[in-house]
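> Fold the following for me, if possible:
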Amino acid sequence: VYKRQSYIFMLKKYKKCVILKSNINAVKIMKKNIKSFLLFLFVVMLGFVASSYYFGSDVFNVESIINLIENKQSTSVLKIDDNKYNADGGFYYSSLNDEEKRIYDKIYARAKNQKTQIKIRSNIDEERILEIAMFVYNEHPELFWLNGAFSIDTSKVVTLKSSYNSNEIAKLSEQIKSKTDSIVQNLNSNMSDYEKSLYLYEYLITNTSYANEAIDNLDNMPWASSLVGVFTMGKCTCTGYAKAYQYLLQLSGINCAVVSGKATTPQGRRSHAWVIQECGGSYYYTDPTWGDCFDENNKEYISHSYFCLSESEIEKTHTINHKDILPKCTANKDNYFVKNNLLFSSYSRADIKKALKSCVENGKYYVELKFTNKSAYIDANNELFKQGQIYYILSVMSLKNKNIDVKNIKYSNNDNLCIITIFFDKANN
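Prediction:
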C-alpha cells in the first residue's frame with residue numbers, strides 16, 4: 001500500500017512538472033513571435049517613413065497621425081470650430097495646395113500644444129513655409145501665446161516664439177474664456193450677422209483703449225497684440241483689436257480672418273492689422289482700431305467709418321497683403337451708412353435734420369454723415385459750417401427737444417471717405 005501511494009504521489013508530481021515545463025515553453029515561443037512581429041512592423045514603418053522623407057511626399061503620412069494625436073491632446077481651453085476655420089472656411093487655408101495644407105496642419109497642431117520647434121519635411125522653400133505659418137497666426141486668435149515672430153533655419157525647422165509658459169497660458173485661457181463667454185451670451189440666434197457684428201464691434205471699442213506705451217515695446221509687452229490685452233487689461237494695439245474682434249466673431253459663428261498690410265496715418269504709412277469678415281452672405285473689411293477715437297473722455301463716441309467696408313473703400317487708406325487669395329469685398333448692403341440711411345449723394349438740409357433727429361431719439365449726441373461723391377461732401381461742409389446751417393438746424397431742434405445743448409458744437413472730417421461727424425452736447429436739465 002505504501003509503495004502504491006508513493007507511486008501515485010510521484011506520478012502527480014511528474015505530471016505537474018510536465019505541465020509547468022510545457023507552459024514555460026509556450027510563453028517563450030509566444031514572446032519570440034511577438035518580438036519577431038514587432039521587429040517586422042518596425043522595419044516596415046521605418047521603410048515608409050524613409051520613403052516619405054526621401055521623396056518629400058505623403059507616402060505614409062506619419063505627420064498627419066501625429067497632428068491628429070496632438071489635436072486630441074490640445075492643452076488650450078480656448079476652442080474654435082476647426083472644421084469651419086480650416087478646410088471648410090478658412091480664407092488662407094482654402095487657398096493652399098495639399099502639400100501646403102499638410103504644413104499648415106502640422107504647424108497648427110504643434111502650436112496648439114505649445115510646441116515651439118517644428119521640423120518641416122517638404123520641397124517647399126523656407127519663405128513660403130514662413131508665410132504659411134503666418135496664415136496660421138492670422139486665422140487662429142486663440143493661439144494668443146504666439147507673438148508672430150516666426151523664424152526658419154536652413155534645415156527647415158520653424159521656430160515659434162511663445163510669450164508665456166504653460167502655467168501662464170492655462171491661467172490666461174481661463175480668464176479670456178470667462179470674459180468672452182459673458183460677451184457672446186448677449187447675442188441670440190435671431191440676430192443677423194450685421195447685428196452681431198455691430199454689437200461686438202461697439203462693445204470692443206467701448207471697453208478697450210489703445211496701448212500707446214506698447215507701440216515701440218511689444219517685445220516686453222506681448223499682451224498688447226493679443227487677446228490678453230483686450231480681455232484681461234482692456235487695452236491693446238491694432239493687432240490686439242483685430243484678433244479680439246476676430247475671436248468674438250468666430251465664437252458667434254461668423255467667418256473671418258485677420259488681414260495685415262499698411263495704413264495711412266498722420267505719421268505716414270505704417271504696418272497695420274484689421275479684419276475681413278463675412279456678413280449676410282457677402283464679405284467686408286472692418287477695422288476696429290480705427291473705430292476707436294482714442295479719447296478717454298469721450299468713450300461714448302464710436303466711429304463707424306471703417307465698419308463693413310468694400311475693397312474699393314478701404315483701399316483709399318489701407319494696402320491689403322495677400323489680397324489675391326482673400327474673398328472679393330464688393331458689396332455695400334451691410335455697410336453702416338447704407339444700413340442706417342446715412343449715405344447721401346447730395347447735400348440736403350432736410351436729410352441732415354432727419355439724421356440728427358434719429359440719433360437723438362436713440363440717445364446719441366453725434367451723427368456720422370457719408371457722401372457718395374466729393375462734390376456733395378464739399379457742399380455739405382460749406383453749407384453746414386461755413387454758412388452756419390448746423391447751428392440753425394440744432395437750435396430749431398432744441399426748441400422741441402430740451403435734451404439738446406447747442407453751445408458746444410464740434411465736427412470732424414474724413415476726407416478720404418467723404419464722412420462728416422458732428423458732435424453736440426446733451427443738455428443738463
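
> State the helix or strand in which Ile352 lies.
Here Ile352, judged by DSSP states H and E, is contained in helix 349-361.

> list the helices and strands that helix packs on?
Where contact means 3 or more Cβ pairs under 8 Å, 6 or more residues apart in numbering; DSSP states H and E, helix 349-361 is packed against strand 366-371, helix 389-400. The way it works is simple: take the backbone N, C-alpha and C, and place the C-beta from them, glycine included.

> want to try CSV for those, with distance to Val228 and mean neighbour count as columns?
As requested, the helices and strands packed on helix 349-361 are exported to CSV (distance: least, Cβ to Cβ, whole Å; neighbours: other Cβ atoms under 10 Å):
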stretch, distance to Val228, mean neighbour count
strand 366-371, 31, 22
helix 389-400, 43, 15
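
> Could you work out which of the ones you listed reaches nearest to Ser122?
Among those, strand 366-371 comes nearest to Ser122, with 47.8 Å by Cβ to Cβ.

> Now do the helix or strand just after the closest one: everything it contacts.
Downstream of strand 366-371, the next assigned helix or strand under DSSP H and E is helix 374-381. Applying Cβ atoms under 8 Å, 6 or more residues apart in numbering, the set of residues contacting helix 374-381 from outside is Phe344, Ser345, Ser346, Tyr347, Ile352, Leu369, Phe371, Asn413, Asp415, Cys418, Ile420.

> what pLDDT, on average, does stretch 403-422 get?
Summarised as a single mean, pLDDT over stretch 403-422 is 93.

> Tabulate the CA atom coordinates of that stretch in PDB.
Only the C-alpha atoms of stretch 403-422 are listed here, as PDB (Å, rounded to 0.1, in the frame of the first residue of the first chain):
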ATOM      1  CA  ASN A 403     -32.000 117.500 -24.200                       C
ATOM      2  CA  ILE A 404     -30.100 119.200 -26.900                       C
ATOM      3  CA  ASP A 405     -27.400 121.800 -26.000                       C
ATOM      4  CA  VAL A 406     -26.200 123.900 -28.900                       C
ATOM      5  CA  LYS A 407     -23.500 125.800 -27.000                       C
ATOM      6  CA  ASN A 408     -20.700 123.400 -27.900                       C
ATOM      7  CA  ILE A 409     -20.900 122.000 -31.500                       C
ATOM      8  CA  LYS A 410     -17.900 120.400 -33.000                       C
ATOM      9  CA  TYR A 411     -17.200 118.400 -36.100                       C
ATOM     10  CA  SER A 412     -14.500 116.300 -37.800                       C
ATOM     11  CA  ASN A 413     -13.800 115.300 -41.400                       C
ATOM     12  CA  ASN A 414     -12.700 112.200 -43.100                       C
ATOM     13  CA  ASP A 415     -11.700 113.500 -46.500                       C
ATOM     14  CA  ASN A 416     -10.700 110.000 -47.700                       C
ATOM     15  CA  LEU A 417     -14.100 108.500 -47.300                       C
ATOM     16  CA  CYS A 418     -16.100 111.800 -47.500                       C
ATOM     17  CA  ILE A 419     -17.500 111.500 -44.000                       C
ATOM     18  CA  ILE A 420     -18.500 114.300 -41.700                       C
ATOM     19  CA  THR A 421     -19.100 113.600 -37.900                       C
ATOM     20  CA  ILE A 422     -20.900 116.300 -35.900                       C
END
